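S.K.: A structural model of the following input is requested.
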Amino acid sequence: MLVAAAVCPCPPLLVPEVAAGAAPELDAARAACTDAIGVLAAARADRLVVVGPAGENGRGPHPQGARGSFRGFGVDLDVRLGTCDHEVTERVLPPSLAVAAWLLDRTEWSAAPLEGLGVGEPLEAERCIQVGRDIAAGADRVALLVMGDASACRTLKAPGYLDERAVGFDAEVARALGAADVEALKALDEQLAYELKAAGRAPWQVLAGAAEGAGLSGELLYEDAPYGVGYLVSTWS
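M.R.: Residues are numbered from 1 along each chain as shown. As a prediction, the model looks like this:
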């Protein structure tokens, strides 16, 4: 059963070494992510599952101790998804889970065993929801760290250029995450999310499936769109 969740954005720019001189611009987002992960730690879960968007090579499960890297972003920095007393040589983490690993490391997460799951943008809503249900059924007390950005179309200089639909889409997602509105997340428009480059859609719908019947309350900790991309941080507990 799901007992807690934290929702965080996943831009590599959250990592100060990647952001370099622009790092202070996301200080508030980093602080909110730290607070959100603190809620997960306080939940005393038996298992933590980290869910994030992934390309084809990064989809599927990633074990505790899996390695990620920010070398592709020009930074000599490697991370691991939690601690592990043996070498894990499987696929490297997709960027979203590498950011999650960095966040967990800086909060010194050690509350429960953990694993990662990369989900693809094309994954249909009902399949995302079923994945979430399966995760919640996997232990008596499950926590989720859900990584994903909202629209990337908030300004002319945004990665997806300006789309007037982006503000309304992001506002509804922020409302749903802040209210722990499971049904609203389930109902997110897959096509619209794709057109707005909202990478968080599939992970958020995994969260919706996991939270069915859990009776959790939500709190929105951060909402902004630096660089024209919607970044949201919330907690469910």
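S.K.: separation between the spatially most central residue of the chain and Gly168?
M.R.: The chain has Met147 as the residue nearest its centroid, 0.6 Å off, counting by Cα atoms, centre = their mean. The gap separating Met147 from Gly168 is 23 Å, by Cβ to Cβ, to the nearest Å. For glycine as for every other residue, the C-beta is placed from the backbone atoms N, C-alpha and C.
S.K.: What of Gly138?
M.R.: Note on Gly138: its distance to Gly168, by Cβ to Cβ, is 35 Å.
S.K.: Let me see the ranges of the strands in this structure.
M.R.: 2-8, 47-53, 60-62, 67-69, 78-80, 114-119, 142-147, 218-224, 231-236 (DSSP state E).
S.K.: out of these, nearest to Asp163?
M.R.: strand 231-236 (16.8 Å; Cβ to Cβ).
S.K.: next one: that closest one to chain centre, how far?
M.R.: Averaged C-alpha coordinates place strand 231-236 at 9 Å from its chain's average position (Cα atoms, centre = their mean, to the nearest Å).
S.K.: swap in stretch 58-71?
M.R.: With Cα atoms, centre = their mean, you get 14 Å for stretch 58-71.
S.K.: Straight-line length of that stretch, end to end?
M.R.: Start and end residues of stretch 58-71 are separated by 16 Å (Cα to Cα, to the nearest Å).
S.K.: quick one: contacts for the residue of the chain positioned farthest from its centre?
M.R.: Within the chain, His86 marks the point farthest from the mean C-alpha position, 26.2 Å out by Cα atoms, centre = their mean. Applying Cβ atoms under 8 Å, 6 or more residues apart in numbering, we find His86 in contact with Gly65.
S.K.: Then the one 10 residues further on?
M.R.: Counting by Cβ under 8 Å, 6+ apart, Ser96 makes contact with Cys10, Gly52, Pro53, Ala54, Gly118, Met147, Gly148, Ala199.
S.K.: Could you do Val206 as well?
M.R.: Val51, Leu117, Val119, Cys128, Ile129, Val131, Gly132, Ile135, Leu144, Val146.
S.K.: which among the residues you listed gets closest to Leu188?
M.R.: Looking across the contacts of Val206 and measuring by Cβ to Cβ, the closest to Leu188 is Cys128, at 9.7 Å.
S.K.: Could I get the contacts of Ser96 in CSV, plus columns for distance to Ser234 and pLDDT?
M.R.: Listed next are the contacts of Ser96 as CSV, based on distance: Cβ to Cβ, whole Å; pLDDT from 0 to 100:
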residue, distance to Ser234, pLDDT
Cys10, 14, 98
Gly52, 15, 98
Pro53, 17, 98
Ala54, 21, 97
Gly118, 21, 98
Met147, 12, 98
Gly148, 11, 98
Ala199, 16, 97
